[in-house]
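[1] Provided below for reference: sequence and predicted model.
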Amino acid sequence: MQPSSSMTLNAANSDERPALAGEILSALTYRLGKDPTVATPYDWLAATIKVVRDRMIEQWIASTKKAYQEQQKRVYYLSLEFLIGRLFRDATSNLGLMDEVSEALASLGVDVAQIAALEPDAALGNGGLGRLAACFMESMATVDIPAHGYGIRYVHGLFRQEISEGWQVELPETWLEHGNPWEFERRERSIEIGFGGTVEMLDDDGGTPRYVWKPQERVLAVAYDTPVAGWRGKRVNTLRLWSAMPLDPILLDAFNAGDHIGALRESNKAESLARVLYPNDTTPAGQELRLRQEYFFSAASLQDIVHRHLVQYETLDTLPDKAAIQLNDTHPAISVAELLRLLIDVHGYAFDDAWDITSRTFAYTNHTLLPEALESWPVPLLERLLPRHMQLVYAINAKVLRLARKERGFDGGEISRISLIDENGDRRVRMGNLAFMGSQKVNGVSALHTGLMKETVFADLHRLYPDKINNKTNGITPRRWLMQCNPGLTGLIADTIGDRFLDDIDALTDLEGHAADTAFQDAFAAVKRANKARLAELVAKRLGVRLDPSALFDIQIKRIHEYKRQLLNIIEAVALYDQIRSHPEKDWVPRVKLLGGKAAPSYHNAKLIVKLANDVARVINSDPSVSDLLKVVFIPNYNVSLAEVMVPAADLSEQISTAGMEASGTGNMKFALNGAITIGTLDGANVEIRDCVGEDNIVIFGLTAEEVAARRANGYQPRDVIAASPELSQALEAIASGVFSPDDRDRYRGLVGGLYDHDWFMVATDFDAYAAAQRGVDELWTDRAAWNRKAILNTARVGWFSSDRTIREYARDIWQVPA
């Protein structure tokens, strides 16, 4: 059941219902210009959102005023992604208005569930990076930290994924088709952003050289603000997203001369900056657009931050005391050079003073150990597009390398590795190193990841700055990932232990005393089955595949990448398929393997894995010999709203990345909170989840990060491993020979050949351990009391993974703000 308003906010709100109904009607009439008799369901949604938004504005203004009046230090969170999903239930629940809004709409003949489902997912992110940023924004408001998020208002976001004949097809997202009723356009906060041009050196009156950047191109960054309410509406913070516009929307001379298309050239060029998240950067044009995007939003955000500071304070000397700027991965790393430019060129600071302010203002979160994800840009591209910033990159590099050589005694190899300029091949600027050097603190996102940062990608910089790196294990907001997405479980928990956990998620530990209680287990299992039935209904509606909710629901949903090892999961499905057909006499556990995720458009192997998943699903789901025992389903267009249905329905959570390669993961936390048992490697936050839930309540398999590194260093021979595993070799032969691709028998020969030749991601090595672990899961599933107890203990023991806890740690250790 869903928790009532008395469980959430003190509802002396009975008078709210007729008032809310009147406000919704008024918004429909006077703000949308619609009569109720002709209003569409989306009109009702937009009108209701306007009313909920109005309830946020007073507290939004009060929160902003308080920050000014008390001269509070503000946190600025810069992220290229904010995967905020739908906001209607999030905001309405956090304001304690869900019951009242539902009843007000019902009195008007409108079903709240029907209109809420019409809200599009905001296409502002791709995966865990963007979802983390969204959780952090909500948690910063919840724990009462004055904060602004900064990003890009993408028109089409990443892409909408459709599956055609098993292949991923990328189509533009159209989330802004009806506008965005949550946002406020702030045209008065338009900021000019430059690109290209030249740098001139001038002498000031004292003979000190002064540098003036004269950009060749300029665009306007226009602010759009969305209020973000924390739990119980205590604070409302701001998510400011930048849209791009040309200075001149049309070149009239060209238009009047008959060049009607060319007259819009500058307009199209500017607007391309906010069209698509992560444009394909395998071409020079794609690389340039991506760098333009990153500088565009970083420069606009930095200029906005500096402006806000100077409105309140007389000098930028105090910027580090009043502003903490968090870089969410390397995408906004150019902000380091931009703030330095503003301080030196615009506000007259000497380089050393400007560097001191800059390096005390920024902090940097690293999210990956993958070299390709630690961005670097060709020096010629950066020099052409941002000539002044390239000068400052060289100046920073000179300062740091002299320090390393003279004061720390670094040798040539160490100097080469920490340098901002990578000279191994074509010269490139290392943005991860720039973010590291320009920040007062650098954090990893799980204990394992942070330790590996010190030993691998940032080992030399860690020696140079031994006090910078610290750990901040990721978290998730329990409001969205328990209370909103799983109201049945939330209600059951509240009925069992009271509602204190709504404000203090650590109170979930009170459930431990009920984990072995038969009645509670039955109620817990009933909630899970209802959630599985809801997912089965969605799958039947979208894909026409019938699922049995009593089967074990085994779910892997995440970005498609070889290190996340969806391939391992699919190969094991093939091996299981063979085993079930070969041994029909055995009591097999009915299982549904569900997968979802998007592959980057230019990532060939990832797209091939999507096709393989669909090919395997087609064959298995059509075979009557396994129809009641095994199903494989790939659900297209995975997004936040789909996750909100899939996460509560999972029995088994697949967290099977190659050890040492997943920085943290947050899906693992969402699944565990909703009572799924994790099967996974000791990678990312799986290690800490094991520590919290207990070794007996998680299924761990495979190599450790240290063992993976040793295998790679010692000349790993995957052919020998495959030959020694009959189940693996037979499954690979079936895939490679075209059993699942009769229309193109060689389709997967290269993909499988990679496992024989190098197997960088240790799929072959971990296969037998993974398959054995899955059979152990089958055995556990047959003991429903034991399974339910373990599932309940997962929910009870993962409150520590709340993003509220993570944010409080950032506040205490990095930002130096009260929380």
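    All right, it came through fine. Just so it is clear, the model here is predicted, and its values are computed rather than measured.
[2] what comes up buried for the helix or strand where E572 lies?
    Element membership for E572 (DSSP states H and E) is helix 566-582. Buried residues in helix 566-582, defined by neighbour count with 16 or more other CB atoms under 10 Å: 566-580. Any C-beta I mention is one placed from the backbone N, CA and C, and that applies to glycine too.
[3] all strands of the stretch 1-150 of the chain, in order?
    74-78, 147-152 (DSSP state E, counting those that start in this stretch).
[4] on that earlier part again, helix or strand next in line after the helix holding E572, which one?
    Assignment by DSSP H and E places the next element after helix 566-582 at strand 591-596.
[5] the inter-axis angle of the helix or strand just after that following strand versus strand 591-596?
    Proceeding N to C from strand 591-596, the next assigned helix or strand is helix 604-621, under DSSP H and E. Taking axes from the mean of the first three to the mean of the last three CA atoms, to 10 degrees, one finds helix 604-621 and strand 591-596 inclined to each other by 150 degrees.
[6] for helix 604-621, C-alpha coordinates in CSV please.
    C-alpha atoms of helix 604-621 as CSV (Å, rounded to 0.1, in the frame of the first residue of the first chain):
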residue,chain,number,x,y,z
HIS,A,604,30.3,-1.4,-32.3
ASN,A,605,30.7,-4.2,-29.8
ALA,A,606,28.1,-2.8,-27.4
LYS,A,607,25.6,-2.5,-30.2
LEU,A,608,26.4,-6.1,-31.3
ILE,A,609,25.8,-7.2,-27.7
VAL,A,610,22.3,-5.6,-27.9
LYS,A,611,21.7,-7.5,-31.1
LEU,A,612,22.9,-10.8,-29.5
ALA,A,613,20.6,-10.3,-26.5
ASN,A,614,17.7,-10.0,-28.9
ASP,A,615,18.7,-12.9,-31.1
VAL,A,616,19.2,-15.2,-28.1
ALA,A,617,15.8,-14.0,-26.7
ARG,A,618,14.1,-14.7,-30.0
VAL,A,619,15.4,-18.3,-30.1
ILE,A,620,14.8,-19.2,-26.5
ASN,A,621,11.4,-17.6,-26.2
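[7] ok now that helix, how far from the chain's centre?
    Distance of helix 604-621 from its chain centroid, counting by CA atoms, centre = their mean, to the nearest Å, is 24 Å.
[8] if you count neighbours, what's buried in that helix?
    Buried residues in helix 604-621, defined by neighbour count with 16+ other CB under 10 Å: 606-621.
[9] considering those, which is situated nearest to R86?
    V610 (24.9 Å; CB to CB).
[10] host element of the closest residue to the closest one other than its chain neighbours?
    Excluding its sequence neighbours, the residue lying closest to V610 (CB to CB, 6 or more residues apart in numbering) is Q168, at 4.7 Å. Assigned by DSSP H and E, Q168 belongs to strand 167-171.
[11] helices of the stretch 101-250 of the chain, start to end?
    Listed in chain order, the helices of the stretch 101-250 of the chain (DSSP state H, counting those that start in this stretch) span 112-116, 128-142.
[12] which one of those helices is the most hemmed in?
    helix 128-142 (a mean of 26; mean count of other CB atoms under 10 Å).
[13] could I have that one exported to CSV, CA atoms only?
    Extracted in CSV, the C-alpha atoms of helix 128-142 (Å, rounded to 0.1, in the frame of the first residue of the first chain):
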residue,chain,number,x,y,z
GLY,A,128,24.8,6.5,-13.4
LEU,A,129,26.7,9.8,-13.6
GLY,A,130,23.6,11.8,-14.4
ARG,A,131,21.3,9.8,-12.0
LEU,A,132,23.8,10.5,-9.2
ALA,A,133,23.8,14.2,-10.0
ALA,A,134,20.0,14.1,-9.8
CYS,A,135,20.0,12.3,-6.4
PHE,A,136,22.6,14.7,-5.1
MET,A,137,20.5,17.7,-6.0
GLU,A,138,17.5,16.3,-4.1
SER,A,139,19.7,15.4,-1.2
MET,A,140,21.4,18.8,-1.0
ALA,A,141,18.0,20.3,-0.7
THR,A,142,16.9,17.7,1.9
